[in-house]
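*Asks:* whatever this is, show me its structure:
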Amino acid sequence: MRAGSLARVAPLWLAAIPLAAQRGAGAPAGKPGAVVTAVRVVVDQVSYQGPCPAKLLFTATITAATPRTSPISYQWVHSDGVKGPKRTLRMVGATATVTDHWKLGASGQMVRGWNELHILSPNRLVSNQAMTSVLCR
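*Replies:* All right, here's what the predicted structure looks like:
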C-alpha cells in the first residue's frame, strides 16, 4: 500500500466514528424508530396557598430523536412514593405532552412535594422533579 492511499482511507474511517457512537447511545442497531431523548416536567402552581386539597397539574414534554409512531410507555411517580398507572403513548411528531393531576394537602398542612415522569420504553429515562409547596388554610 502506498503512503498516500492510507491518508485517503483514514479520514473516511474517522468520519464514521460519530455515527457509531450515536447508534450506541440510542436504539440498538436494527431496531426501527427513535428513542426518547428528553423529558421535562413543569407544575402549574410552584407555590400554592389556599383551601385544600390543592389541585395541581403537572405537564411533561417528551422529546424523541425523530418522529416516531411506535409506543412509548411511561409512569408518573410522586414524592410520597405513589406511582401512577403505566400508560402508553403513540407520538405523532418529535414531541408530545402528557399530564397528571394531583390533589395535595389537607387543612392546616404545609406540604412540599414533587412529581416526575419515568419513561419505561423504548428506553429508560427519568425527568426532572417538578417541585411544589402547598400551604393549606
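*Asks:* now do the helices in the protein.
*Replies:* Listed in chain order, the helices of the chain (DSSP state H) span 3-25.
*Asks:* report the central residue of it.
*Replies:* V39 (2.4 Å; C-alpha atoms, centre = their mean).
*Asks:* tell me the contacts of it?
*Replies:* By C-beta atoms under 8 Å, 6 or more residues apart in numbering, the contact set of V39 is 60-63, 117, 119, 125-127. For the C-beta atoms, the positions are set from N, CA and C on the backbone; glycine is no exception.
*Asks:* how about 7 Å then?
*Replies:* Applying C-beta atoms under 7 Å, 6 or more residues apart in numbering, we find V39 in contact with 60, 62, 117, 119, 125, 127.
*Asks:* take those and keep only those in strands.
*Replies:* The members of the contacts of V39 that map onto strands under DSSP state E are 60, 62, 117, 119, 125.
*Asks:* next one: the fourth one from T132, what distance?
*Replies:* Distance, I119 to T132, by C-beta to C-beta, to the nearest Å: 22 Å.
*Asks:* do the same with the second one
*Replies:* Computed as C-beta to C-beta, the I62 to T132 distance reads 21 Å.
*Asks:* pick the one among the contacts of V39 closest to A94.
*Replies:* Distances from A94 to these, taken as C-beta to C-beta, are shortest for I62 (9.5 Å).
*Asks:* by neighbours, which of the ones in strands among the contacts of V39 wins?
*Replies:* Ranked by neighbour count (other C-beta atoms under 10 Å), the ones in strands among the contacts of V39 have L117 at the top, with 25 neighbours.
*Asks:* in this structure that one contacts Y74, no?
*Replies:* Yes: here L117 reaches Y74: they are 5.7 Å apart, a contact under C-beta atoms under 7 Å.
*Asks:* mind listing the strands for the protein?
*Replies:* 36-43, 47-50, 54-64, 71-78, 87-90, 95-104, 110-121, 125-126, 130-136.
*Asks:* the shortest one pairs with which strands, and in what direction?
*Replies:* Its sheet considered, strand 125-126 pairs with strand 110-121 (antiparallel) by DSSP bridges.
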